[in-house]
Every structure is written in C-alpha cells, then in structure tokens.
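Student: next come a sequence and a model predicted from it.
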Amino acid sequence: MNACFHRLAVLALLLAALSGCGSSEGGVVGSGISAATVSGQVVEVRESEAQARLAVPRLRVRIEETSELETLTGDDGAFVLTGDFAGSLTLRFENPGGRILGRLPIDVPAGSTLELEGIEIRPSLPGGVRAGEVRQRNLFGRVLAVDCGAGTLSIDDDVSRPFRIEVTAATLILRRDGSAASCDELRRGGVVLVEGVVVAEAGGAPRVRATRITVAPERPPRRPPGGAPALR
C-alpha cells in the first residue's frame, strides 16, 4: 500500500514538472510544434559613433533564451538560425572578440519564419541594433475574431499565442486553390496562413500588416530543426 502510494506521488510530481516546461516570462522556447527560422542581414556595424563605416565584420549571432542556437554571419552579413523555438526572444550580436554589440527583441510565432532586413548596429540605437524591416512568413493560426469593416483579424499560433493582423485594401486574400477570396470568408475557428510586415508597437500582442492571407490553407511542412549548426 505504501509503495503504491509512493509510486503515485512520484508520478504526480513528474506530470506537474512536465506541465510547466516550455513557459517562461521571456516567452515560449521549445514549442515542440515544428522548427522556426530567423534570418537576416547585417548591413552596418559601428562599435563607436566616431568609427567610420567599414566593411561589415563577421559577427556571432545567437538567441539568448536558448543554450545552443548561434551562428556566424557570412561575408555578406547574412545569417540563418533554425530550431525548435518560439515566443518573445532576443537576438544577440557579438564582435569577433566576444564583445556584445547589441540585443534585438523579436517575436517568433511557432513554426514560422521571420526575416530581418537591413540590420544596423550602432551604440546610439536602442539596444544597440535595429532592423530596417521585419517580414513575417508562414504564420499559421486559428481565427479568434475578425472585423472586416475595421480591417482587423485576431489569430493564435500553434502554442495559443495571440497575434493581431491588419487587413488593408492591399492585402491579397486567397483560397487554398489560389482563387481570390474576400474578408467575409475569414471566420472564427477557421485556419489561415499569413504573410506580412511586422509593425512595431509598445506592449500588447504582436501586430502584422498582412500582404497575403490564405483561407483554410494546408499546414506548412513540419520540418525538423536544421540550418546553421551551433558553434561551441
């Protein structure tokens, strides 16, 4: 009787520990859904404001909230990080000597792709770094609410994180077969695939100005983590 009770107690503790995995104040890391990708290109690096604009050095880029995801930029400043991560994260940029040059907050929906264009690194910038534009691709989510008149759409991703989508006159809305659809076909409980540009805002749910929305799409392939290997 006591041995059985002991085994049940241990099992309950293990289940409680597992239910807490993957959540933190910094966001979701290790979603277990499918691999996400963050890519970008550094176009300018100045370690001091007095420094002249030089050729972009090779930098070490990593996601601070993970223990292994890091890579080096190429000769053109480009980098790619792919792995099992999602949520509110931080990209960290270091020079070849290991000095931290900047930290850039990003928000990655589960299983999606985030592309950062025109990254500049300078001491005068907030956090030391900024991206000229951030493009969101493969945001697969379920519709929570839609208001076609106001041009707003609320969805959640595969780990139930909410995202606000702006629907404008320029937004292309398509059905799965590629035929044109209307905003009226976006219904609560349905699934959509969104591409667009991330709009910076202080606080609240992440916001994406949609360039393309696919109604009832096929789910993007659940690709395994790959891309650039971690550097030790």
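Tutor: On my side now, so go ahead.
Student: after the lengthiest strand in the chain, which helix or strand is next?
Tutor: Under DSSP state E, the strand in the chain containing the largest number of residues is strand 129-147. Once the chain leaves strand 129-147, the next helix or strand it forms, by DSSP states H and E, is strand 152-156.
Student: picking up where we left off before, for the longest strand of the chain, which strands pair with it and how are they oriented?
Tutor: According to DSSP bridges, strand 129-147 has the following sheet partners: strand 113-121 (antiparallel), strand 152-156 (antiparallel), strand 191-199 (antiparallel).
Student: for the helix or strand just after the shortest one, which strands pair with it and how are they oriented?
Tutor: Next helix or strand after strand 152-156 toward the C-terminus (DSSP H and E): strand 162-166. In the sheet, strand 162-166 lines up against strand 152-156 (antiparallel), strand 207-215 (parallel) (DSSP bridges).
Student: so what touches strand 162-166?
Tutor: Contact with strand 162-166 is made by 109, 139, 141, 144, 151-157, 194, 196, 199, 204-210, 213, as judged by Cβ atoms under 8 Å, 6 or more residues apart in numbering. The C-beta positions use only the backbone N, C-alpha and C, and glycine is treated the same way.
Student: what's the pLDDT at the residue most central in space within the chain?
Tutor: Centroid-nearest residue in the chain: Val108, 1.5 Å away (criterion: Cα atoms, centre = their mean). Note on Val108: pLDDT of 94.
Student: and for Glu195?
Tutor: Among the per-residue scores, Glu195 shows a pLDDT of 98.
Student: now swap in Val10 and tell me
Tutor: 39.
Student: likewise for Ser67?
Tutor: 72.
Student: what's the first helix or strand after the lowest-mean-pLDDT helix or strand in the chain?
Tutor: Ranking every helix and strand in the chain by mean pLDDT, DSSP states H and E puts helix 2-19 at the bottom, with a mean of 41. Helices and strands here follow DSSP H and E; after helix 2-19, the next one along the chain is strand 36-45.
Student: report the contact partners of the spatially closest residue to Ala216 that is not a sequence neighbour.
Tutor: The spatial neighbour of Ala216 that comes closest, neighbours along the chain excluded (Cβ to Cβ, 6 or more residues apart in numbering), is Arg176 at 5.4 Å. For Arg176, the residues meeting the contact criterion (Cβ under 8 Å, 6+ apart) are Thr214, Val215, Ala216, Pro217, Glu218.
Student: how many residues are close by the fourth one?
Tutor: If you count neighbours by other Cβ atoms under 10 Å, Pro217 ends up with 16.
Student: that one against Gly141, yeah?
Tutor: No: with contact defined as Cβ atoms under 8 Å, Pro217 does not reach Gly141; the gap is 10.4 Å.
Student: other residues contacting stretch 178-194?
Tutor: Residues outside stretch 178-194 that contact it (Cβ under 8 Å, 6+ apart): 136, 138-146, 148, 153, 155, 163, 165, 167, 173-175, 208, 210, 212-217, 219-220.
Student: please redo it, this time with the cut-off set to 6 Å
Tutor: Stretch 178-194 is contacted by residues 139-140, 142-143, 146, 148, 165, 173-175, 210, 213-215, 217 when judged by Cβ atoms under 6 Å, 6 or more residues apart in numbering.
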